[in-house]
Each structure stands twice: as structure tokens, then as C-alpha cells.
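Chemist: Test case, fold it:
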Amino acid sequence: MNKSFAVFAAIAAWTMFGTASAAAEPLPSVRLVCSFDYDGMLAKLSQQPLLASLNKDQVGSPIVLRVIHSVVPTTSGGAAGFASAILAGGSLGILPVVENKDLVITYDLFVNQTMIATYAYQKNFTRAFNIYSKDKTKGLGEEGQTWAESTVDLFAADIAKNPKVLNLVAEYRYYFGASTTPSASK
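Modeler: Presented below is the predicted three-dimensional model:
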């Protein structure tokens, strides 16, 4: 009898924490931390079904999505950028600075300060800019900003297949019910 109960319990646990039914529901309240264009990324990420509960005001949320960008100079791009900066400075800003760098957008998902998923997307960009102009894109450039926002779709597709994330959604649904998700409260 104990053996059949154990099998029943295993089947029930698989049904409750199964990933197939959890994929349709969004994560519970998620706080966003972003190193560039916060409002644009918040709007783009909030459109994804799994991240519908994303909010900047969820200060006490145990789930945090951190989106950071880093700019990595290429070997030849570093030398060319340095020479370009010297020429731009010598011409008092008449000539533009040209730089060739790899832009890396990294998405990290934390639960109680423990990282459960991380994804990084990288692309090479060459951009020219005036040393005296104000850069509102935090070093990304217009083309880089557009590409960074396009990585949201890649991230959403990757995270929707992550078993740890799907188990997290199923666990929240098991303990707190479907009424805590934004789709059920609307």
C-alpha cells in the first residue's frame, strides 16, 4: 500500500509542478533593474506573457530581473578608437570619434538573491559620434539601443523554456493559487 501511495504522490507532484501548465501563467511580481533606457525596456518586457507582472515599484519582491549592458572593445577597435579619439581631440571635435565594440546585453533572474537564470546576447557595432554631444543612450548609440530592445524577444523565448523558471511559476501557483497572478486579477 505504501508503494502505491508513493507512486500516486509522485504523479500528483508531477501534475502540480509540471512545466506544461505553468508556461501559460506569468511570474508573480517581478522587480526590474536596468542599466539603460529603463522605461523602454520595462514597456517592451511587460508585453511578454511570462513577464506581465514586471514592475519598477516592486521593491520588496523576492524575484528580480536585472538587465545590464556592457561594452567590450575589440582588439582592432581599441587601437582604432584611441587613434580616432586623438584625432577628434586634435581637431577640437570637428572630426568624430569612431569606435568598434561588442555590445553585450545580459539578463539575470534572481529569486531571493540567488540567480536561477542568466542569458547574454552579443553583437558587434561600429559607431561614430562627436565628443561634445550628449549621449542619451549610455554608450549604446541609436542602432545599439534598437538592437538591445530586440533582445527582449530572444530572452522571452529562452526563459519560457527554462525548467527552473517554469517550476517557480508552478510552485507559486501551488502555494498561492492562480488568483495572485496578474492575468487572473484583471
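
Chemist: If you count neighbours, what's buried in the longest helix anywhere in the chain?
Modeler: Selection of the longest helix in the chain by residue count, based on DSSP state H, yields helix 141-159. Neighbour-count burial for helix 141-159, with 16 or more other Cβ atoms under 10 Å as criterion, is recorded at Gly141, Gly144, Gln145, Trp147, Ala148, Glu149, Thr151, Val152, Phe155, Ala156, Ile159. No exception for glycine: its C-beta is placed from N, CA and C like everyone else's.

Chemist: out of those, who's nearest Ser133?
Modeler: Sorting these by how near they are to Ser133, with Cβ to Cβ, puts Gly141 at the top with 11.3 Å.

Chemist: Spatially central, which residue of the protein would that be?
Modeler: Among the residues of the chain, Tyr107 comes closest to the average C-alpha position under Cα atoms, centre = their mean, at 3.3 Å.

Chemist: helices and strands around the helix or strand where that one lies, which ones?
Modeler: In the assignment (DSSP states H and E), Tyr107 maps to strand 97-111. Packed against strand 97-111, as judged by 3 or more Cβ pairs under 8 Å, 6 or more residues apart in numbering; DSSP states H and E, are the following elements: strand 63-73, helix 75-90, strand 114-129, helix 141-159.

Chemist: Tell me how many other residues surround Ile68.
Modeler: Ile68 is surrounded by 14 other residues when neighbours are defined as other Cβ atoms under 10 Å.

Chemist: Surely it and Met41 touch.
Modeler: No: between Ile68 and Met41 there is no contact, the gap being 10.8 Å when judged by Cβ atoms under 8 Å.

Chemist: Show me the shaky parts of this structure.
Modeler: 1-24, 76-82, 84, 93, 135, 137-139, 178-186 (pLDDT under 70).

Chemist: Try it again at 50.
Modeler: When the per-residue scores of the chain are filtered using pLDDT under 50, the ranges that remain are 1-22, 181-186.

Chemist: okay, and the common contacts of Ile68 and Met41?
Modeler: Common contacts of Ile68 and Met41 (Cβ atoms under 8 Å, 6 or more residues apart in numbering): Cys34.
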